[in-house]
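Sharing a sequence plus its predicted fold:
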Amino acid sequence: MRAFSQFLFIVAASVSFTACATFNSLPHTTPKVFSKNIPQTAPKGAYMAVDTRADMAAFAQIFVGIRYQYAGQCPYDGFDCSGFTAYVMKGFGIILSPASAVQATTGKLVPLDQVMAGDLLFFGESTKKIQHVAMVVKRDKNGITCVHSTSSRGVMVENVSLSTYWKPKILFARNVIYGK
């Protein structure tokens with residue numbers, strides 16, 4: 001796993017210093033992706049291994065420290081929340097809209113007590129107005145830990161279940177991977 005993490009870091013670093021448009025031409029970042037071309041909303045039969053979810057979360061964490069940029073979709077320029085989640089998923093062949101409101105309608109709803117790494121967690125004042133999206137890193141007895149791009153600190157990892165700011169804003173989670 002350590003060698004794989006180092007490989008992801010090298011890929012992320014090389015992507016960070018090239019134009020984001022070239023990201024489409026990069027090979028898949030992980031050999032564990034079984035479905036090579038997953039379309040816009042992942043067909044019902046698409047499958048991704050549980051390990052791939054951990055790989056997604058590890059890949060996303062490589063970008064910790066990248067600055068926030070409104071409407072940003074690239075590590076070179078910076079990310080907003082949904083640009084970040086779309087960028088990470090794209091590295092695994094999953095194409096998502098860079099808009100959080102659209103991401104919030106993609107995939108399948110997941111009960112919060114069943115979220116897994118790679119699921120997307122949505123935040124807001126009500127389900128009619130999505131204000132933020134984050135990628136789940138893990139769920140354990142301490143709550144849900146996510147990686148996300150915030151306007152105040154850029155890409156960061158935090159336990160949103162323990163956050164006095166984020167916890168009351170948690171709305172729902174979605175599985176956009178359609179895997180086990």
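Arrived safely.

Hmm, V88 is touching V137, no?
No. Counting by Cβ atoms under 8 Å, V88 does not reach V137; the two are 11.3 Å apart. (Glycine included, C-beta is placed from N, CA and C.)

Pick out whichever of the two has more residues nearby.
Using other Cβ atoms under 10 Å, the more surrounded residue of V88 and V137 is V88, with 25 against 22.

moving C-terminal of the strand or helix carrying that one, what's the next helix or strand?
Assessed by DSSP states H and E, V88 sits inside helix 81-90. Counting by DSSP H and E, the next helix or strand C-terminal to helix 81-90 is helix 100-103.

just checking, what packs against that following helix?
Under the contact definition 3 or more Cβ pairs under 8 Å, 6 or more residues apart in numbering; DSSP states H and E, helix 100-103 sits against helix 81-90, strand 120-126, strand 129-140.

C81 and T164: what is the separation?
According to Cβ to Cβ, to the nearest Å, C81 and T164 sit 19 Å apart.

Among the two, which residue is more densely surrounded?
Using other Cβ under 10 Å, the more surrounded residue of C81 and T164 is C81, with 26 against 6.

Was I right to think the more buried one contacts M135?
No. The pair C81 / M135 is not scored as a contact, 9.6 Å apart, by Cβ under 8 Å.

Report the set of residues contacting both of those two.
Counting by Cβ atoms under 8 Å, 6 or more residues apart in numbering, the common neighbours of C81 and M135 are H148.

Could I get the full set of strands for the chain?
73-74, 78-79, 108-110, 120-126, 129-140, 143-150, 154-159, 170-175 (DSSP state E).
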